[in-house]
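Engineer: For reference, the sequence and a predicted model appear below.
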Amino acid sequence: MRQAQEEITVTTSGQGLYEISDVVRAFTEACGMETGQLTAYCRHTSASLVIQENADPDVQRDLLAFFRRLVPDGDPLFVHTMEGPDDMPAHVKSALTQTSITIPIVRRLLALGTWQGLYLFEHRRNPHLRKIVLHALGS
Amino acid sequence: MRQAQEEITVTTSGQGLYEISDVVRAFTEACGMETGQLTAYCRHTSASLVIQENADPDVQRDLLAFFRRLVPDGDPLFVHTMEGPDDMPAHVKSALTQTSITIPIVRRLLALGTWQGLYLFEHRRNPHLRKIVLHALGS
Amino acid sequence: MRQAQEEITVTTSGQGLYEISDVVRAFTEACGMETGQLTAYCRHTSASLVIQENADPDVQRDLLAFFRRLVPDGDPLFVHTMEGPDDMPAHVKSALTQTSITIPIVRRLLALGTWQGLYLFEHRRNPHLRKIVLHALGS
């Protein structure tokens, strides 16, 4: 049993889904573990992780539209507004999705399903650098 | 430290919660690890995992009712509709729940609480075969 | 590679966020692993885990307000009401957040971001004792 870790940075330019499947897959395969697990961990509270369909781009558009309607920027419910109208909604959207996701490694490959992609979900409007820790564990 | 993996298939017949506690518990106990962790990973984007009360069936009925109200099938917000009125809502419900859940193994048993059950949450109306990877790691 | 486990108890006094970062950090650092991962697992279905900003207390107030509006106590949608008007909403809020969270251990420290805190999210109004299993794995 052994481990490998790497921190990757994702450059975002506004609210939306940024696919990181390829970089996570490359890291995992470079580890060369036959069997194991990969954990992705997002070090932020206004961006998060989500596994979602990666075939039709409309899925990403619709997911974004749903979260915007559910937690609208500038919602008068919120008092934490000093960092902008999209800040508190970003925290809520992060709570509603994932900060960490663990995916098995099966026969050297991530066990992502056929239509699954791993995404950083950016909830802020302004550009950000987002740090994600990848941790592989296996043999 | 050692590992074990198995892919299980859950046959679903419409939207709802399908308990998989027993099969996951059986796999875990067959591994015979004194201490460790069990990760369940759902390989789909229109079905997901959730831990929920397994005592009163009304809890499952109410959970389903809540998600149907929050993300109604046929919601005019969505443009990704070619796979049916329940497809995009299924993706959203998956994003709002879990794709992977990790449960400690304590003294050879899953650390599920007294009232906790592990469920596959099917979000599509038609029958499906759902693949879940189980990964145990421990000693 | 080695493991360590501990079950901690959090005493709650009504709906809200209870920070457990310090106790989880202390457990992790006592394990003395250079590299690894920490899983926190909540053994309940009416309380859950969430990673959230720990700087401005208004964030916690707003998060609570959002979930109360999204899943109001006493919602007439629910039939599972015998344990009180806040019971079924508690189950739904648990499903919408996390039961388990895995955080990498990097250079002996939890990889929590600068503004991230780990919280038990209590969804019931009455006082409760909440059990959380901590599981460290690494070397």
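Structural biologist: Sure thing, it's come through.
Engineer: Return the residues in contact with residue A:64.
Structural biologist: Contact analysis of residue A:64 by C-beta atoms under 8 Å, 6 or more residues apart in numbering or on different chains lists A:15, A:16, A:17. (Glycine included, C-beta is placed from N, CA and C.)
Engineer: And the buried ones among the residues you listed, selectable in PyMOL?
Structural biologist: Restricted to buried positions by 16 or more other C-beta atoms under 10 Å in any protein chain shown, the PyMOL selection for the contacts of residue A:64 reads:
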select buried, chain A and resi 15+17
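Engineer: Name the nearest of the contacts of residue A:64 relative to residue A:125.
Structural biologist: Checking the contacts of residue A:64 against residue A:125 with C-beta to C-beta, the nearest one is residue A:15 at 6.0 Å.
Engineer: So what does that closest one look like in phi/psi?
Structural biologist: Phi and psi for residue A:15, reported as degrees, to the nearest 10, are phi -60, psi 140.
Engineer: I'd say it and residue A:123 touch.
Structural biologist: Yes - with contact defined as C-beta atoms under 8 Å, residue A:15 counts as touching residue A:123 (6.1 Å).
Engineer: what do those two both touch?
Structural biologist: residue A:86.
Engineer: Which parts of chain A are helices?
Structural biologist: A:21-31, A:57-70, A:87-96 (DSSP state H).
Engineer: Just give me the closest of the contacts of residue A:64 to residue C:98.
Structural biologist: residue A:17 (19.8 Å).
Engineer: Mind telling me which residue is nearest the centre of chain A?
Structural biologist: Centrality entry for chain A: nearest residue to the mean C-alpha point is residue A:49, 2.3 Å, by C-alpha atoms, centre = their mean.
Engineer: surely that residue meets residue A:102?
Structural biologist: No - judged on C-beta under 8 Å, residue A:49 makes no contact with residue A:102 at a distance of 10.7 Å.
Engineer: hmm, back to that, pLDDT for the contacts of residue A:64 - can I get that in JSON lines?
Structural biologist: Listed next are the contacts of residue A:64 as JSON lines, based on pLDDT from 0 to 100:
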{"residue": "A:15", "pLDDT": "98"}
{"residue": "A:16", "pLDDT": "97"}
{"residue": "A:17", "pLDDT": "98"}
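Engineer: Now whichever residue of chain A sits closest to chain C. Nearest residue, chain neighbours left out?
Structural biologist: As assessed by C-beta to the nearest C-beta, chain C sits closest to residue A:43 within chain A, at 3.3 Å. Counting by C-beta to C-beta, 6 or more residues apart in numbering or on different chains, residue A:43 lies nearest to residue C:113, which is 3.3 Å off, once chain neighbours are set aside.
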